[in-house]
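Participant: Dropping the sequence and predicted coords here.
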Amino acid sequence: MLVMGIMLACFSARAGTLDPVLPRITAQVQAQLRYPPKAIALQQSGRAVVRFRIDRSGKILEVGLVSKTGSAPLDVEAINVFNRIVRFDLGIGDDFVPEAKSFVIQLPITFDLSNQSAQPGAPTEGASLPAAGP
């Protein structure tokens, strides 16, 4: 089973600011997330935490691992899922958090061999972090 939960950090925004877009992001990651065949063969599971920054159009600007699973194939997939997405469909207008040029989101992804389906976890918000760059 691939389990995802979202912990959010965003540019100078109060708690709950990105709540309208979190389900869209979760659904898009879930649709693209794969359990690597090599990790299945080796019976590997684990939890990675990915931090990524997106601009207002949903374009992915940066992706990195905050914590690793302990399995190279799982860590690679935790990053590669974002390479397949390239741009999130956020469905936001110019009036959505107009002071923010980009958003930083932290996404825990748990790879669990007990089931081959993907299940997103409940989104939760973390502390505010300034979004770097433009």
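Facilitator: Okay, I see it. Numbering: from 1, shown residues only.
Participant: make it CA atoms for all contacts and neighbour counts henceforth
Facilitator: Will do.
Participant: helix, strand or coil for Gln44?
Facilitator: coil (DSSP: H, G, I helix; E, B strand; the rest coil).
Participant: For the biggest helix by length in the chain, buried residues please.
Facilitator: Longest helix in the chain by number of residues (criterion: DSSP state H): helix 72-85. Of the residues in helix 72-85, 73-75, 77-82, 85 count as buried by neighbour count, 16 or more other C-alpha atoms under 10 Å.
Participant: can you check stretch 82-100 too?
Facilitator: In stretch 82-100, counting by 16+ other C-alpha under 10 Å, buried: 82, 85, 87-88, 90, 97, 100.
Participant: now do the same end-to-end measure for that stretch.
Facilitator: 21 Å (C-alpha to C-alpha, to the nearest Å).
Participant: chain center to that stretch, what's the gap?
Facilitator: Between the centre of stretch 82-100 and the centre of its chain there are 13 Å (C-alpha atoms, centre = their mean, to the nearest Å).
Participant: Check the model's average confidence along that stretch for me.
Facilitator: The average pLDDT for stretch 82-100 rounds to 83.
Participant: residues in contact with stretch 78-93?
Facilitator: 21, 24-25, 28-29, 32-34, 48, 50, 56-60, 63-65, 109 (C-alpha atoms under 8 Å, 6 or more residues apart in numbering).
Participant: So for this protein, the centremost residue is which one?
Facilitator: The residue lying closest to the centre of the chain (C-alpha atoms, centre = their mean) is Leu107, at 3.8 Å.
Participant: Pretty sure it sits against Val63.
Facilitator: No: contact criterion C-alpha atoms under 8 Å: Leu107 and Val63 do not qualify, at 10.6 Å.
Participant: just to revisit the earlier point, could you export the buried residues of stretch 82-100 as a markdown table, including distance to Ala41 and secondary structure?
Facilitator: Converted to a markdown table, the buried residues of stretch 82-100 look like this (distance: C-alpha to C-alpha, whole Å; DSSP: H, G, I helix; E, B strand; the rest coil):
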| residue | distance to Ala41 | secondary structure |
| --- | --- | --- |
| Phe82 | 24 | helix |
| Ile85 | 26 | helix |
| Arg87 | 31 | strand |
| Phe88 | 31 | coil |
| Leu90 | 36 | coil |
| Val97 | 45 | coil |
| Ala100 | 43 | coil |
